[in-house]
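Trainee: Sequence and computational prediction follow.
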Amino acid sequence: MGKEILEGCKILLHTCGAVKENEKVLVVTDETSRQIGEAMYQCAVEYTDATLICTKDRTTHGEAPTDCVAAAMAQADVIFSATTFSLYNTDARIKACEKGARFINMADYSLDMLKKGCLFTDWEEIRKLVDRTAKKIVGKELRITTPAGTDFWTSIEGRHADVGYGTSIHKGEASSPPDAECAVGPVEDTARGVLVIDGSIPLPGLGIIKEPIRIEVEDGYLRKIEGGEEADILRKSLEAFQDPRVYLAAEVGFGLNPAASLSGRMLEDEGVFGTMHIGIGNNLSYGGNCNTPIHIDLIMKKPTCIVDSHYVYKDGVLCE
């Protein structure tokens, strides 16, 4: 393992995971991301008791791992999930964290991410920023507008703020470094309006959006997807699941990593400071009950967001 790659793994192990020498560390990987997973394992096993499991690639973000992987996750103190598609929004991750495990999501990583970029940031300051922002996104209703044409409204009454610090240092915490964000779950069946996605959709064939995608939302669900070739890819990708729950507006997320920029990779893109995203599909992490096996983020640039009567973002600038 190269020295540069080792530096990124050390940040994940010690800063993001706060791993102690007597802890049981599990690294979950798959065939596509195996090089990343093996690098993380080699770093961890030199420090503490570590196990590496390699499984078949999942087909999308939020799809459940195998029963064997889920069982191993339930026995670990710290889990590094170096997989092609994210296991964050799965029952296996949620149950492992409920038992006290700390989870570090490394979905769709590249070797370059371990060498340089937004993983190398001030995670202590970001934790403070996330906490300050989380207090502002709890309320009764939320509205987003953007210069590209988004005009979206939803009830968030009774929903909690989900925090993504980029670090998992306490029992039960889950994080997705280099992503740093806050999120809140729309109340089912309430979201309505128009989303214009002009940032990124981290899915095969998409990534950074070249031609904005216009989406009509009604009664909590995406009803119409319009645009060019990228809109067609998104529409066909969702249709392939043959599950109406994948269209649910599941999450409203606020990117909070000042070192991040749009790259087409999920854990960088959803944390870009000055962006917001709508997650669709599974909403279990955000106070809901939609247990569909996918969760996909749709990222917008320069949002203005109002919760009740106060601004959270204004033209992509955080209002503190």
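Mentor: Perfect, thanks for sending it.

Trainee: Okay, now the unreliable bits of this protein?
Mentor: Along the chain, segments meeting pLDDT under 70 span 1-2.

Trainee: Could you list the domains of it?
Mentor: As given by automatic domain parsing, the domain ranges for the chain are 3-114, 123-318.

Trainee: could I get the ones you listed as TSV with mean neighbour count?
Mentor: No exception for glycine: its C-beta is placed from N, CA and C like everyone else's. Below are the domains of the chain laid out as TSV (neighbours: other Cβ atoms under 10 Å):
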stretch	mean neighbour count
domain 3-114	20
domain 123-318	20
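
Trainee: Quick one: the strands in the stretch 201-320 of the chain, in order.
Mentor: 207-208, 213-218, 221-226, 249-255, 275-281, 295-301, 304-307, 310-314, 317-318 (DSSP state E, counting those that start in this stretch).

Trainee: which residues sit against the second one?
Mentor: It refers to strand 213-218. When contacts are defined by Cβ atoms under 8 Å, 6 or more residues apart in numbering, strand 213-218 is touched by residues 149, 152, 191-198, 201, 222-227, 230-231, 234, 249, 298.

Trainee: Sheet-wise, list the partners of that strand with their directions.
Mentor: Paired neighbours of strand 213-218 in the sheet (DSSP bridges): strand 192-197 (antiparallel), strand 221-226 (antiparallel).

Trainee: now the first one, how far from the chain's geometric center?
Mentor: Translated: strand 192-197. Computed by Cα atoms, centre = their mean, to the nearest Å, the chain-centroid distance of strand 192-197 equals 20 Å.

Trainee: angle of it against strand 295-301?
Mentor: 80 degrees (axes from the mean of the first three to the mean of the last three Cα atoms, to 10 degrees).

Trainee: Okay, angle between strand 192-197 and strand 249-255 too, please.
Mentor: 50 degrees.

Trainee: Was I right to think residue 180 contacts residue 165?
Mentor: Yes. Taking Cβ atoms under 8 Å as the definition, residue 180 is a contact partner of residue 165 at 6.5 Å.

Trainee: and residue 6, what element?
Mentor: helix 3-10 (DSSP states H and E).

Trainee: Can you name every helix or strand that that helix contacts?
Mentor: helix 34-45 (3 or more Cβ pairs under 8 Å, 6 or more residues apart in numbering; DSSP states H and E).

Trainee: Would you mind putting the CA coordinates of the helix it packs on into CSV?
Mentor: C-alpha atoms of helix 34-45 as CSV (Å, rounded to 0.1, in the frame of the first residue of the first chain):
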residue,chain,number,x,y,z
ARG,A,34,-11.9,-4.5,-3.3
GLN,A,35,-8.7,-2.5,-3.7
ILE,A,36,-10.2,0.2,-1.4
GLY,A,37,-11.4,-2.4,1.1
GLU,A,38,-8.1,-4.2,1.2
ALA,A,39,-6.2,-0.9,1.7
MET,A,40,-8.5,-0.1,4.7
TYR,A,41,-8.1,-3.6,6.1
GLN,A,42,-4.3,-3.5,5.9
CYS,A,43,-4.3,-0.2,7.8
ALA,A,44,-6.7,-1.4,10.4
VAL,A,45,-5.2,-4.9,11.0
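
Trainee: what sits up against it?
Mentor: Contacts of helix 34-45 (Cβ under 8 Å, 6+ apart): 1, 5-6, 9-10, 12-13, 19, 25, 27-30, 50, 52, 54, 80, 82-83, 106, 109-111, 114.

Trainee: Now, the residues you listed that are in helices?
Mentor: 5-6, 9-10 (DSSP state H).

Trainee: Specify which member of those residues is nearest to residue 281.
Mentor: residue 9 (30.4 Å; Cβ to Cβ).

Trainee: Please verify my assumption that the closest one contacts residue 113.
Mentor: No. The criterion here is Cβ under 8 Å, and residue 9 misses it with residue 113 at 10.8 Å.

Trainee: residues contacting residue 92?
Mentor: So residue 92 contacts 64-65, 69-70, 73-74 (Cβ under 8 Å, 6+ apart).

Trainee: could you dump those residues to JSON lines with secondary structure and distance to residue 240?
Mentor: Output for the contacts of residue 92, formatted as JSON lines (DSSP: H, G, I helix; E, B strand; the rest coil; distance: Cβ to Cβ, whole Å):
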{"residue": "64", "secondary structure": "coil", "distance to residue 240": "17"}
{"residue": "65", "secondary structure": "coil", "distance to residue 240": "20"}
{"residue": "69", "secondary structure": "helix", "distance to residue 240": "24"}
{"residue": "70", "secondary structure": "helix", "distance to residue 240": "24"}
{"residue": "73", "secondary structure": "helix", "distance to residue 240": "27"}
{"residue": "74", "secondary structure": "helix", "distance to residue 240": "31"}
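
Trainee: Tell me the one of these nearest residue 129?
Mentor: Nearest member of the contacts of residue 92 to residue 129, counting by Cβ to Cβ, is residue 73, at 29.1 Å.

Trainee: Please give the element, helix or strand, for the residue lying closest to that closest one once chain neighbours are set aside.
Mentor: Closest residue to residue 73 in three dimensions, ignoring its sequence neighbours and counting by Cβ to Cβ, 6 or more residues apart in numbering: residue 96, at 4.2 Å. In the assignment (DSSP H and E), residue 96 maps to helix 91-98.
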